[in-house]
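Engineer: Can you look at this prediction? I've put the sequence above it.
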Amino acid sequence: MGFKKILSQLNVIGHCKKQGLPFRQCPQLLFLIMGIVIMISAVVTYALGTRVAADPQTVLLIVLALTVVLFVITFSITRSLEGLAEANRLKSEFISIVSHQLRSPLSNLKWALEFLMSGRLSKIVGKQAEYLKILKDNTARMGELVSDLLTVSRIEQGRLPLKKAEFSLQDLAKEIISEFELQASTANVAVKLEASENFPKILADRSRIKWVAENFLDNAIRYIKEKGEVVVKIVKKNNSLVFSVKDSGVGIPKEDQKHIFQKFFRSKNVLKYQTQGSGLGLYIAKSIIERSKGKIGFKSQENKGSTFYFTIPIK
């Protein structure tokens, strides 16, 4: 039975498909590589041992014993990694199922609230309108969270589609700034764009890149606690365009910066200000940019603001 389990580890492609992992991240690939390394090491060790030892049979027994021990250790490590990969797959599957199941009741709740607030059923007066607005806002927040969870699930399962097409990054920036005009004005934040009109177009998924840019701008406006300024900038660097959003907000503490792109992570100073958010936005943004063959990063200093940026190759 144990020998059959060891042989099953050699079916690398089958295990990768079952666990929903890329080939290079599959635990069975590690088992296969380590097996090859151990066999080569055994042959080399035996060849060298027979030159210095008087009894070749003793050398052979030692090499065989060492090879078996190393194979058992490798098998045990691979099984442990396989267990972690399976647990991660089940977690992603659970999140995906739950998120899908939540979408339908949330949609029904959204339409019901809009119908009630329209006044077609009865006139909305006084506190009723206030309470219904609170319900509507919280329903919208739950909808955004469900959408983010579904996106994370697709990323982890390698099923996030990218529909690439040519588009102008500066035109996209103008569109986003226009959409955030009311939010910025309400927060007493001035947003300006610094970009040339002569940049070449990029080849990427416009809707996904827009989502990342919106996330950057939304965070920049949200984390400015008093009157401030946000600068959206596009520059050409080598064969890429660099999109950056610089704010004068609360910044990120140095000890938190290494965790900023992790799932569900929120900086402690952001929690202090009770700013809304799920901690999934930057994780999703990083995944989208990396799948678009770009790079993402930031520079920040606490109480002095942050600059988040991403690069996208020119087509």
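Structural biologist: It's in.
Engineer: From here on, just use CA atoms for contacts and neighbour counts.
Structural biologist: Fine.
Engineer: From the contact counts, what lies against whichever strand or helix holds Lys236?
Structural biologist: In this structure, Lys236 sits in strand 228-237 according to DSSP states H and E. Judged by 3 or more C-alpha pairs under 8 Å, 6 or more residues apart in numbering; DSSP states H and E, the packing partners of strand 228-237 are strand 189-194, strand 240-247.
Engineer: Give me the residues contacting it.
Structural biologist: Outside of strand 228-237, the residues within contact range by C-alpha atoms under 8 Å, 6 or more residues apart in numbering are 170, 173, 188-196, 199, 220-221, 241-249.
Engineer: mind listing what it pairs with, with the direction of each?
Structural biologist: strand 189-194 (parallel), strand 240-247 (antiparallel) (DSSP bridges).
Engineer: Could I get the average pLDDT for the first one?
Structural biologist: The predicted model assigns strand 189-194 a mean pLDDT of 93.
Engineer: Now do the buried residues in it.
Structural biologist: Across strand 189-194, burial judged by 16 or more other C-alpha atoms under 10 Å covers Val189, Val191.
Engineer: Next SSE downstream of that strand?
Structural biologist: Where DSSP H and E defines the elements, the next helix or strand beyond strand 189-194 is strand 202-204.
Engineer: Point out where the stretch 51-200 of the chain drops to low pLDDT.
Structural biologist: For the stretch 51-200 of the chain, residues meeting the criterion pLDDT under 70 lie at 52-54, 81, 84-93, 95, 99.
Engineer: And the helices in the stretch 101-250 of the chain?
Structural biologist: Residue ranges of the helices in the stretch 101-250 of the chain, as given by DSSP state H, counting those that start in this stretch, are 127-156, 169-179, 181-186, 206-222.
Engineer: Please identify the most buried of these.
Structural biologist: Most buried of the helices of the stretch 101-250 of the chain, by mean neighbour count (mean count of other C-alpha atoms under 10 Å): helix 206-222, with a mean of 20.
Engineer: packing partners for that one?
Structural biologist: Applying 3+ C-alpha pairs under 8 Å, 6+ apart, one finds that helix 206-222 makes contact with helix 169-179, strand 240-247, helix 281-291.
Engineer: coming back round to it: dump the helices of the stretch 101-250 of the chain into TSV; add distance to Val235 as well.
Structural biologist: Formatted as TSV, these follow (distance: least, C-alpha to C-alpha, whole Å):
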stretch	distance to Val235
helix 127-156	29
helix 169-179	10
helix 181-186	23
helix 206-222	15
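Engineer: nearest to Lys110, of the ones you listed?
Structural biologist: helix 127-156 (6.7 Å; C-alpha to C-alpha).
Engineer: returning to that earlier point: so which bits of the strand holding Lys236 are buried?
Structural biologist: For strand 228-237, burial by neighbour count (16+ other C-alpha under 10 Å) applies to Gly228, Glu229, Val230, Val231, Val232, Lys233, Ile234, Val235, Lys236.
Engineer: Could I get these in CSV, plus columns for distance to Gly279?
Structural biologist: Output for those, formatted as CSV (distance: C-alpha to C-alpha, whole Å):
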residue, distance to Gly279
Gly228, 23
Glu229, 23
Val230, 21
Val231, 23
Val232, 22
Lys233, 24
Ile234, 26
Val235, 28
Lys236, 30
